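**Q** Quick one, fold the following:
(2 chains)
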Amino acid sequence: EDQVTQSPEALRLQEGESSSLNCSYTVSGLRGLFWYRQDPGKGPEFLFTLYSAGEEKEKERLKATLTKKESFLHITAPKPEDSATYLCAVQANFGNEKLTFGTGTRLTIIP
Amino acid sequence: DVKVTQSSRYLVKRTGEKVFLECVQDMDHENMFWYRQDPGLGLRLIYFSYDVKMKEKGDIPEGYSVSREKKERFSLILESASTNQTSMYLCASSLRTGRDYTFGSGTRLTVV
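**A** All right, here's what the predicted structure looks like:
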């Protein structure tokens, strides 16, 4: 069974204080690893998809990396508007195209 | 620039009512999905469809059914709503390859 574990559950940072969120996974053949941002009461907003170990993608202050067992979402010099819950999900090579999600990391950036 | 639209943001229904949640996508995606999201449990797949009139059960299909009569529209049906179906419901769509996986803004359903 595919599994995704995110840590920490919650993280509070001062504005400008860089840090990383972790996503550990087990999957029967990885097709893709997805990162989403979710604001309260809204649907997940797509950030990145990573497909193979060693791959990296960047968007503004965010950078996602992937190994064979985990992914990191690095946040550089965050701003208060980066406060949100960040969700990680995996998609397996075989099966029904579903995403298996972790429970998320709730990030708060304090001005 | 709306791509996946869910018809209601908030719904309140009574126990035993039949409830319809509607989802429309304008990206010509083959796959469509219904998830529910609960605190501490994350998102869980209820049903998905890979083509018109085709459907497959996800991880938690009990108490739900779906309908896909047109490519762009995927409906979730609660045959007889119960309080344990109070949740955030999220619709998503993707290409047949699984790429471009896009979510709607969600429907917060409360069953009283």
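**Q** which residues of chain A fall in helices?
**A** Using DSSP state H, chain A contains no helices.
**Q** Let me see the ranges of the strands in chain B.
**A** Remark: strands assigned in chain B by DSSP state E are B:4-6, B:10-13, B:19-25, B:31-38, B:42-51, B:54-57, B:64-70, B:73-78, B:87-94, B:102-103, B:107-111.
**Q** okay, these in CSV with mean pLDDT next?
**A** Formatted as CSV, those follow (pLDDT from 0 to 100):
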stretch, mean pLDDT
strand B:4-6, 96
strand B:10-13, 96
strand B:19-25, 97
strand B:31-38, 96
strand B:42-51, 94
strand B:54-57, 93
strand B:64-70, 97
strand B:73-78, 97
strand B:87-94, 96
strand B:102-103, 94
strand B:107-111, 97
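**Q** got TSV for the ones you listed, with mean neighbour count and distance to A:Leu47 too?
**A** Bear in mind the C-beta positions are built from the backbone N, C-alpha and C, glycine included. Shown next, in TSV, are the strands of chain B (neighbours: other Cβ atoms under 10 Å in any protein chain shown; distance: least, Cβ to Cβ, whole Å):
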stretch	mean neighbour count	distance to A:Leu47
strand B:4-6	19	16
strand B:10-13	13	26
strand B:19-25	19	20
strand B:31-38	23	17
strand B:42-51	20	15
strand B:54-57	14	27
strand B:64-70	16	28
strand B:73-78	20	24
strand B:87-94	24	15
strand B:102-103	21	12
strand B:107-111	18	23
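**Q** Let's have these in a markdown table, adding distance to chain A.
**A** Output for the strands of chain B, formatted as a markdown table (distance: least, Cβ to the nearest Cβ, whole Å):
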| stretch | distance to chain A |
| --- | --- |
| strand B:4-6 | 8 |
| strand B:10-13 | 9 |
| strand B:19-25 | 11 |
| strand B:31-38 | 5 |
| strand B:42-51 | 4 |
| strand B:54-57 | 6 |
| strand B:64-70 | 13 |
| strand B:73-78 | 14 |
| strand B:87-94 | 5 |
| strand B:102-103 | 4 |
| strand B:107-111 | 7 |
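**Q** could you redo these as a markdown table and give each row distance to A:Arg12?
**A** Below are those laid out as a markdown table (distance: least, Cβ to Cβ, whole Å):
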| stretch | distance to A:Arg12 |
| --- | --- |
| strand B:4-6 | 31 |
| strand B:10-13 | 29 |
| strand B:19-25 | 35 |
| strand B:31-38 | 23 |
| strand B:42-51 | 21 |
| strand B:54-57 | 40 |
| strand B:64-70 | 37 |
| strand B:73-78 | 36 |
| strand B:87-94 | 24 |
| strand B:102-103 | 26 |
| strand B:107-111 | 26 |
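**Q** Would you mind listing what in chain A touches chain B?
**A** Residues of chain A lying near chain B by Cβ under 8 Å from any Cβ of the partner chain: A:31-32, A:34, A:36, A:41-46, A:49, A:87, A:89, A:91, A:96-99, A:101-104.
**Q** out of those residues, which are buried?
**A** A:31-32, A:34, A:36, A:42-44, A:49, A:87, A:89, A:91, A:96-99, A:101-104 (16 or more other Cβ atoms under 10 Å in any protein chain shown).
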